[in-house]
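Trainee: Mind looking at a prediction? Sequence and model below.
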Amino acid sequence: MTIERSLVLVKPDGFQRGLSGEVLRRIEAKGYTLVALAILTPTVEQLAAHYAEHEGKPFYEPLVEFMSSGPVTAAVIEGQDCVRGFRSLAGATNPTEAAPGTIRGDLGRDWGLKVQQNIVHGSDSPESAAREIGIWFPGL
Ligand code: RTP
Ligand code: MG
């Protein structure tokens, strides 16, 4: 059994639509624990660190612009295999393709923009989670 932590963001589209509570409800209903919670508007510097792997890709600039456009809800969650588990709750990156029952499948759609406005972010590995938690919750 592996107890992990993951970094979750309710992105500006989800925050603006009032979906932070719904996302946190699903996380808690799954049995994961909330370890840290914050509301903040990301800085370009934080986003450059967070999305370093995507620098140079066509969606990078629109992604940073979108993510810095307003408040997000940032959370550290904890639980058995919660990195994979939360990505399973979130669903596929493109909300149109995300399965019903997932956050993106139930609540998102393709808005036809330059970047997928897909409600949530979840770390893609325990190593990414540790790196990302350091960006959003330094000292945790
Ligand atoms: P996330 O990092 O947000 O949990 O999502 P992910 O792993 O499913 O997606 P990733 O490939 O890491 O991409 C990061 C975010 O960039 C936006 N994106 N838009 N072609 C597009 O329109 C496109 N591709 C990626 C999404 O917001 C995605 O979540
Ligand atoms: Mg990712």
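Mentor: That came in fine, so what should we check first? Predicted, not measured: the structure shown is a model, and the values here were computed from it. Numbering: from 1, shown residues only. Ligands and ions are numbered 1, 2, ... in the order given.

Trainee: where do the helices sit along this protein?
Mentor: For the chain, the helices defined by DSSP state H cover 12-16, 20-30, 44-50, 60-67, 82-90, 103-107, 126-136.

Trainee: So for ligand 1, which of those helices sits nearest?
Mentor: helix 60-67 (4.7 Å; Cβ to the nearest ligand atom). For every residue, glycine as well, the C-beta is placed using N, CA and C.

Trainee: Tell me the buried residues in the closest one?
Mentor: 60, 63, 64, 66, 67 (16 or more other Cβ atoms under 10 Å).

Trainee: Measure how far that helix is from the centre of its chain, please.
Mentor: Centroid separation for helix 60-67 versus its chain: 14 Å, with Cα atoms, centre = their mean, to the nearest Å.

Trainee: Could you measure from residue 18 over to residue 114?
Mentor: 24 Å (Cβ to Cβ, to the nearest Å).

Trainee: How about residue 103?
Mentor: Using Cβ to Cβ, residue 103 is found at 22 Å from residue 114.

Trainee: Output the helices of the chain in JSON lines, with distance to ligand 1 and mean pLDDT appended to each entry.
Mentor: Below are the helices of the chain laid out as JSON lines (distance: least, Cβ to the nearest ligand atom, whole Å; pLDDT from 0 to 100):
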{"stretch": "helix 12-16", "distance to ligand 1": "9", "mean pLDDT": "98"}
{"stretch": "helix 20-30", "distance to ligand 1": "12", "mean pLDDT": "98"}
{"stretch": "helix 44-50", "distance to ligand 1": "9", "mean pLDDT": "98"}
{"stretch": "helix 60-67", "distance to ligand 1": "5", "mean pLDDT": "97"}
{"stretch": "helix 82-90", "distance to ligand 1": "6", "mean pLDDT": "98"}
{"stretch": "helix 103-107", "distance to ligand 1": "9", "mean pLDDT": "98"}
{"stretch": "helix 126-136", "distance to ligand 1": "9", "mean pLDDT": "98"}
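
Trainee: TSV please, covering those helices and showing distance to residue 96.
Mentor: Compiled in TSV, the helices of the chain are given as follows (distance: least, Cβ to Cβ, whole Å):
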stretch	distance to residue 96
helix 12-16	14
helix 20-30	19
helix 44-50	24
helix 60-67	17
helix 82-90	14
helix 103-107	9
helix 126-136	25
